[in-house]
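# Below: sequence and its predicted model.
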Amino acid sequence: MAKTIAEINKKIESGDVCVVTAEEMADIVDDIGAEKAALEVDVVTTGTFGAMCSSGVFLNFGHSEVPIKITKMFMNDVEAYSGIAAVDAYLGATQVSEKLGIQYGGAHVIEDLICGKEIEVEAFSYGTDCYPRKELKTTITLDDLNQAIMVNPRNVYQRYDAATNGSKRILHTYMGELLPDYKNVAYSGAGILSPLSNDPTYRTIGAGTKIFMGGAVGTVIGQGTQCSTASGYATLMTTADLKQMTKEYANASSFKGYGTSLYLGVGIPIPILDADMAKATAVRDKDIKVSIKDYSVGRRDRPVIQQTTYEDLKSGSIELNGKVVPTSPLSSFKMARKVAEQLKHLIAEGTFTLGQNTTLLPEKQTAKPMKETNTIFRVRDVIVEKLITIEKTESYVEAAKKMKKNQRNHIPVVSEKRLVGIITSWDISKAVAEGKIETVEKCMTKNVVTCTPEETIDIVAKRLADHHISAIPVIDENQNVVGILTSEHISKLFTGGKQK
């Protein structure tokens, strides 16, 4: 027999509700089946705690004695968007400090506000007849603001891809540090406790759904940005009162080489309306598939290395390309569990009732890529010269001959076609100066910076500059050399001298 949210709320108010976490529900369904579980259980609580970059807060400062129409604002040296109204602003979690860069950003200002700390505010305006003031400096705390409403465009991903790195260098990403040669895998999400994994057809989660968010009672506004229900990558737009949040469930973070983000705890109650909902909330980590993608490929659609599950990822290691490599979570399952338990407690004590889902998430919706009108040059558009390589066992004299004959200053060094190093005219000059008759392997640079054919020229040009080099081997997914890109190639591309 089906239940309604109104009926479940009456049970919550009377203290007769049966509420369990998603972890507990999986065992219950295994023991007694979905039909009986639907009769016994009224609500299943979920939880997640991870970096939610697409987060921020709307702030109202009230009017100053001499009114100002703020056009530019900084909070602790972090810019807040003020093109809304005279004294309203939106502070994004990933906006970084003007002076401190990625070490401090909007997420840190949000955390400081929650903690009751004073925030330095600097505001500017062009001045008008009704808003004559042009500059303002003050300090505020959260209590001084009229409103501080967190509104997050994209939270609570239904699915996360795991990340690995097939290049020869360490990558610093929003998935954390990725070691070269596929030596680790980073993942995010709560698996069995993940809200949208427990309602994969979005029957009970949509606009109007009440949620636990950062320690406060919040609401789902509707679909989040980039919501792609057709591919199982749904997202939610969420809101809650920052003044009701606690630091325990909202933490700022800074990722090396990437930027700032806000770790946020979000829990969503799933009403068990019938046996189908009971079955959906019995999902386990082994049932949730995860794609491991190579983040060294600078494309929107990164290649999938293999499929795995949360059960395998949470074990601490998986087999990847024939080798056992460590796995590490970017999110905290311990905190996700705490969120689910806290939400369970609030429902059981009758202080948290369920919200009525008024608008469902759109079915079979896909997220479109950005429309780009300018030509995007990729490495494969530039590497048109004949590929010259040398085996590591050959002499540096042979390398010098190849350089002279082919007018090159850099030659990739290979062993059975796989890249193992690079030798330059400087390497040969040094060997000659030191009076050494060596093989290429003894003279070459072994830690080679590389790129792939599909990467864009601007990304690779930055890599050349960052490493103070003038050439970079181009490799495929099997580490085979397919070309070499030099600063001269890039110069010719942008000056109209691309070789034909």
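Great, that's in hand. Residues are numbered from 1 along each chain as shown.
# show me where the stretch 51-200 of the chain has strands.
Assigned by DSSP state E, counting those that start in this stretch, the strands in the stretch 51-200 of the chain fall at 56-60, 72-75, 78-80, 88-92, 96-97, 101-105, 119-124, 135-140, 147-155, 162-164, 171-173, 176-178, 185-187.
# Most tightly packed of those strands?
Comparing the strands of the stretch 51-200 of the chain on average neighbours per residue, with mean count of other C-beta atoms under 10 Å, the densest one is strand 162-164 at a mean of 27. In short, each C-beta sits where N, CA and C put it, glycine included.
# helices and strands around that strand, which ones?
For strand 162-164, the elements it packs on are strand 176-178, strand 185-187, strand 289-294, judged by 3 or more C-beta pairs under 8 Å, 6 or more residues apart in numbering; DSSP states H and E.
# hmm, try it at 6 Å
strand 185-187, strand 289-294 (3 or more C-beta pairs under 6 Å, 6 or more residues apart in numbering; DSSP states H and E).
# one step back: export the strands of the stretch 51-200 of the chain to CSV and append columns for mean pLDDT and distance to residue 243.
CSV is the format used below for those (pLDDT from 0 to 100; distance: least, C-beta to C-beta, whole Å):
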stretch, mean pLDDT, distance to residue 243
strand 56-60, 98, 10
strand 72-75, 98, 16
strand 78-80, 98, 17
strand 88-92, 98, 14
strand 96-97, 98, 24
strand 101-105, 97, 21
strand 119-124, 98, 14
strand 135-140, 98, 13
strand 147-155, 97, 6
strand 162-164, 98, 36
strand 171-173, 96, 33
strand 176-178, 97, 32
strand 185-187, 98, 33
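# Could I get the ones you listed in a markdown table, plus columns for distance to residue 447?
Shown next, in a markdown table, are the strands of the stretch 51-200 of the chain (distance: least, C-beta to C-beta, whole Å):
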| stretch | distance to residue 447 |
| --- | --- |
| strand 56-60 | 40 |
| strand 72-75 | 41 |
| strand 78-80 | 37 |
| strand 88-92 | 37 |
| strand 96-97 | 30 |
| strand 101-105 | 25 |
| strand 119-124 | 44 |
| strand 135-140 | 49 |
| strand 147-155 | 37 |
| strand 162-164 | 19 |
| strand 171-173 | 14 |
| strand 176-178 | 16 |
| strand 185-187 | 22 |
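# Show me the one of these that comes nearest residue 21.
Distance to residue 21, taken as C-beta to C-beta, is lowest for strand 147-155 among these, at 19.9 Å.
# Direction included, what does the closest one pair against?
strand 56-60 (antiparallel), strand 236-241 (antiparallel) (DSSP bridges).
# Just want the angle from it to strand 88-92.
40 degrees (axes from the mean of the first three to the mean of the last three C-alpha atoms, to 10 degrees).
# And the contacts of strand 147-155?
Strand 147-155 has contacts (C-beta atoms under 6 Å, 6 or more residues apart in numbering) with 52, 54-55, 57-60, 142, 224-225, 235-240, 242-243.
# Pretty sure residue 398 sits in a strand.
No - counting by DSSP: H, G, I helix; E, B strand; the rest coil, residue 398 is not found in a strand; it is helix.
# distance of the residue most central in space within the chain from residue 53?
Note on the chain: the residue nearest the mean C-alpha position is residue 174, at 4.7 Å, using C-alpha atoms, centre = their mean. Noted for residue 174: a distance of 7 Å to residue 53, by C-beta to C-beta, to the nearest Å.
# do residue 471 as well
Distance from residue 471 to residue 53, by C-beta to C-beta: 35 Å.
# What's the local residue count around residue 65?
When neighbours are counted by other C-beta atoms under 10 Å, residue 65 registers 6.
# Does residue 124 touch residue 72 like I think?
Yes - under the criterion of C-beta atoms under 6 Å, residue 124 makes contact with residue 72 at 4.5 Å.
# Show me which residues of stretch 61-74 are buried.
61, 68-70, 73-74 (16 or more other C-beta atoms under 10 Å).
# Just the C-alphas of it, formatted as PDB.
The C-alpha trace of stretch 61-74 is given here as PDB (Å, rounded to 0.1, in the frame of the first residue of the first chain):
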ATOM      1  CA  PHE A  61      24.500  44.900   3.900                       C
ATOM      2  CA  GLY A  62      21.900  47.600   4.500                       C
ATOM      3  CA  HIS A  63      22.200  51.200   3.500                       C
ATOM      4  CA  SER A  64      25.000  53.400   4.800                       C
ATOM      5  CA  GLU A  65      24.300  56.900   6.200                       C
ATOM      6  CA  VAL A  66      25.500  58.500   3.000                       C
ATOM      7  CA  PRO A  67      24.000  56.000   0.500                       C
ATOM      8  CA  ILE A  68      26.200  54.100  -1.900                       C
ATOM      9  CA  LYS A  69      25.300  52.100  -5.000                       C
ATOM     10  CA  ILE A  70      28.000  49.500  -4.900                       C
ATOM     11  CA  THR A  71      29.600  48.600  -8.200                       C
ATOM     12  CA  LYS A  72      32.700  46.800  -7.000                       C
ATOM     13  CA  MET A  73      33.200  45.100  -3.600                       C
ATOM     14  CA  PHE A  74      35.900  43.200  -1.800                       C
END
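# Give me the contact list for it.
80, 82, 86-87, 89, 122-125, 128, 131, 133, 136, 146.
# Quickly list the domain ranges of this protein.
5-52+151-360, 62-145, 379-494 (automatic domain parsing).
# any chance of these in JSON lines, with distance to residue 368 too?
As requested, those are exported to JSON lines (distance: least, C-beta to C-beta, whole Å):
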{"stretch": "domain 5-52+151-360", "distance to residue 368": "9"}
{"stretch": "domain 62-145", "distance to residue 368": "22"}
{"stretch": "domain 379-494", "distance to residue 368": "20"}
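# related to what we said a few turns ago, which neighbours do residue 124 and residue 72 have in common?
Joint contacts of residue 124 and residue 72 (C-beta under 6 Å, 6+ apart) do not exist.
# and stretch 125-144, how far out from the chain's middle?
Offset of stretch 125-144 from its chain centre (C-alpha atoms, centre = their mean, to the nearest Å): 35 Å.
# how about low-confidence regions in the stretch 151-300 of the chain?
Nowhere does the stretch 151-300 of the chain drop to pLDDT under 70.
# Now do the helices in it.
Taking DSSP state H, counting those that start in this stretch as the test, the helices found in the stretch 151-300 of the chain are 275-280.
# again, but for the stretch 351-500 of the chain
396-406, 425-433, 440-443, 457-466, 487-494.
# For residue 20, find the nearest of these.
Nearest to residue 20, of these and by C-beta to C-beta, is helix 457-466 at 47.7 Å.
# ok, the residue nearest to the centre of the chain touching residue 258?
Yes - in this structure residue 174 lies within contact range of residue 258 using C-beta under 6 Å: 5.1 Å.
# Longest helix in this protein, please.
Longest helix in the chain, counting residues (DSSP state H): helix 22-40.
# Check the offset of stretch 234-241 from the chain's centre.
The answer for stretch 234-241 is 16 Å, by C-alpha atoms, centre = their mean.
# Kindly format the C-alpha coordinates of that stretch as PDB.
This file holds the C-alpha atoms of stretch 234-241, laid out as PDB (Å, rounded to 0.1, in the frame of the first residue of the first chain):
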ATOM      1  CA  ALA A 234      21.800  15.000 -12.300                       C
ATOM      2  CA  THR A 235      22.600  18.000 -10.100                       C
ATOM      3  CA  LEU A 236      20.600  20.100  -7.700                       C
ATOM      4  CA  MET A 237      20.300  23.800  -7.000                       C
ATOM      5  CA  THR A 238      20.100  24.300  -3.300                       C
ATOM      6  CA  THR A 239      19.500  27.100  -0.700                       C
ATOM      7  CA  ALA A 240      19.700  27.600   3.100                       C
ATOM      8  CA  ASP A 241      20.200  30.400   5.600                       C
END
